[in-house]
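Asks: With the input below, show me the fold.
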Amino acid sequence: MTMSKLFGNELSKLNLPTTLTNMSLIGDRVRKHKVVRKHNLTPTPNKSDLVIASYPYLNKKESATVSIATAMKKYNLFANMKFRSNDKVALHTAQYMVAHRYVVSDQSRILNAMASGLGYSGNYHKLEEILKLRQEEEDNLTDNELKFLDYCSVALPYCSVTHNDKMSTTAVDMLLEGASLKEVMSFLVPHAPFYMHVKRQEVASYCVSALRLHYPPNSNIPEEYLLRDAKQLTDTVSQLFGICANAKSYVRSLQLTGDYRWNEELKRYKGRPLNKSQIRRRVNKVVRMLTLNDLEYWDKKRIARYGFADKDGTLDTENSIQLASDEYLELLMKQSLTDINDTVLTLPDNIGKELADNIKESAQQYHDRNLIDYAMDEGGVHGVADVKRFVPNHRIQKAIREITRRSSDTGVVPKKMYRLTTDRKVFNVKSTTLGGSLMIDFSGSMSWNEQDVREVIDLLPAANIAGYTGYGYKIDDCDGMIEVIAKDGKLNTKAIDNLYEHGYNSVDLDALKWLAEQPEPRIWISDQQVVGVGSDGSPRNLPLESRHEIAQYMIKNNIIPIKAKELVKGLAKQLARS
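Replies: Below you'll find the model as predicted:
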């Protein structure tokens with residue numbers, strides 16, 4: 001009699017709970033078991049109850065049979081075994097998962113025996129494929145072949161799409177309500193034996209809606225924070241689902257035999273069944289995985305980065321999630337992000353409207369994305385820059401000409417009579433062209449090369465141009481350097497090569513301080529992705545207050561941030577024509 005036949009009559013009616021008799025005598029008594037169908041695998045006070053989950057497909061006889069067989073195996077394995085775990089739900093779930101591994105193993109042995117009886121020795125999966133193919137071709141199968149197929153279903157039922165989505169959204173709601181990581185995991189644990197999957201796009205969309213309700217009214221959270229928070233929540237829920245999947249994968253790969261010993265009667269090595277201590281250790285391993293006490297190194301690192309880290313950056317599962325926007329909201333409450341005396345950046349008056357709008361839009365976009373964006377591994381401070389002495393080795397002839405003489409329609413002695421019939425600027429007058437000042441971020445994310453710098457110098461030969469870069473370590477107690485490339489019509493051709501030797505930011509604030517001392521307009525060629533340093537000079541993300549300090553300094557000194565090369569060169573062309 002197959003297992004599916006054993007409970008066929010009771011399950012065909014689906015009148016659960018159903019009382020089943022365990023025919024194995026325990027202490028000279030016949031144990032009676034009540035099948036309790038619940039929405040999850042949380043245990044009941046009565047240890048002899050066979051708790052099965054009322055997931056979809058339970059109305060199918062095969063899935064219900066596997067669930068009850070697993071519950072029965074769980075009772076037989078662990079009824080008289082003691083465990084120290086205080087988490088009864090995690091222990092119950094771990095036992096259920098290990099019991100199902102035994103059921104699958106038992107089922108495999110029976111199926112292999114049935115396959116051999118039908119003339120297919122070895123792996124029964126091959127026979128299963130053949131018989132299913134014959135069914136599709138409407139070939140008549142024998143009763144034994146039908147029984148074999150009927151017995152092949154050993155998988156636990158899947159969570160329904162609706163139930164799976166509900167778990168995801170509930171986990172998000174719990175995180176936003178301040179539940180700890182362990183509390184959210186405890187909610188998911190009873191579902192661990194069953195297949196669960198996070199639909200990232202749908203969960204992320206739900207997170208955006210939930211966050212809009214979560215933020216304080218009129219807080220005006222920047223879009224970049226909203227998207228970062230949504231990703232942070234989605235990643236956290238996905239990671240927790242993944243931990244459940246890892247526990248299930250561990251159980252699926254369990255070896256159910258101990259050491260192999262030579263069997264004289266069979267003339268071969270035969271594995272011994274696991275003893276109670278070995279089974280207990282495997283169950284305890286699953287319990288630790290489900291309670292976040294036995295995670296892989298990278299799982300710990302990822303969850304800590306998602307906002308569950310203490311001051312040392314190690315995993316903290318007892319507290320609620322720290323969202324990317326939390327620090328921003330805290331500073332907003334102190335009005336530190338809005339108290340800049342209503343000062344705003346201003347572009348030169350002679351810049352065209354279209355170019356000006358493009359510069360403003362791009363600058364604001366990068367400002368929201370990078371300058372005030374949140375990073376999990378903070379702890380950096382502003383780096384100290386070594387301002388290299390300007391040693392020019394070349395004269396910019398075009399700059400000298402424009403600095404010393406300029407055409408005008410007023411003067412004393414006419415020198416350019418050929419212009420009398422055009423613009424009437426026949427006089428030479430001493431004047432300085434509008435060049436301004438540029439500070440170029442030479443970090444790896446900017447990719448400015450020598451040709452780009454040369455183009456700007458050709459357009460603005462009288463401009464003061466410098467670059468900066470971070471070392472990534474300490475050199476003479478400095479974390480980076482500032483090199484002047486061009487100033488007062490003179491050029492240091494070696495400066496650009498020197499700046500290429502390194503590739504970090506690290507000294508953004510010192511670079512802006514140098515720029516603030518130069519003539520306007522002051523252009524900061526950067527994506528505003530500012531970075532600090534650790535105690536050893538290595539790059540470290542700056543806390544929000546330090547990044548806000550850079551934002552305030554930039555606005556206070558009217559330093560215009562531009563990233564795109566075409567915008568920088570477009571601005572230079574218009575400044576050159578003014």
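
Asks: pLDDT wise, what is Asn498 at?
Replies: Per-residue pLDDT puts Asn498 at 89.

Asks: That one and Val189, how far apart?
Replies: 58 Å (Cβ to Cβ, to the nearest Å). All C-beta atoms are positioned from the backbone trio N, CA, C, and that covers glycine.

Asks: Of those two, which one has the most company?
Replies: It is Val189, of Asn498 and Val189, that has more neighbours when counted by other Cβ atoms under 10 Å, with 28 against 16.

Asks: so the more buried one makes contact with Phe241?
Replies: No - judged on Cβ atoms under 8 Å, Val189 makes no contact with Phe241 at a distance of 11.4 Å.

Asks: what do these two both touch?
Replies: When contacts are counted by Cβ atoms under 8 Å, 6 or more residues apart in numbering, the set common to Val189 and Phe241 is empty.

Asks: So Glu327: helix, strand or coil?
Replies: helix (DSSP: H, G, I helix; E, B strand; the rest coil).

Asks: isn't it right up against Arg547?
Replies: No - using Cβ under 8 Å, Glu327 makes no contact with Arg547, being 10.3 Å away.

Asks: more neighbours, these two?
Replies: Arg547 (26 against 17).

Asks: Helix or strand next in line after the host helix or strand of that one, which one?
Replies: Counting by DSSP states H and E, the element that carries Arg547 is helix 544-556. Downstream of helix 544-556, the next assigned helix or strand under DSSP H and E is strand 559-562.

Asks: Tell me which other helices or strands the longest strand belonging to the chain touches.
Replies: Under DSSP state E, the strand in the chain containing the largest number of residues is strand 464-475. Other helices and strands packing on strand 464-475, by 3 or more Cβ pairs under 8 Å, 6 or more residues apart in numbering; DSSP states H and E, are strand 437-441, helix 450-459, strand 478-487, helix 495-499, helix 508-516.

Asks: ok, the closest residue to Val531 other than its chain neighbours - how many residues close by?
Replies: Leaving aside its sequence neighbours, Val531 sits nearest to Asn505 (Cβ to Cβ, 6 or more residues apart in numbering; 4.1 Å). Neighbourhood size, Asn505 [other Cβ under 10 Å]: 29.

Asks: So Asn505 is in contact with Asp527, correct?
Replies: No - under the contact definition of Cβ under 8 Å, Asn505 does not touch Asp527, with a separation of 9.7 Å.

Asks: Between these two, which contacts overlap?
Replies: Asp441.

Asks: What does the pLDDT read for Arg405?
Replies: 54.

Asks: ah, wrong one, I meant Ala486
Replies: 89.

Asks: In contact with the residue nearest to Val531, which residues?
Replies: Gly383, Asp441, Ser443, Thr469, Gly470, Gly480, Gln529, Val530, Val531, Pro539.

Asks: Nearest to Asp106 among the residues you listed?
Replies: Pro539 (56.3 Å; Cβ to Cβ).

Asks: list the contacts for the closest one?
Replies: Gly380, Gly470, Gly472, Tyr504, Asn505, Ser506, Val531, Gly532, Val533.
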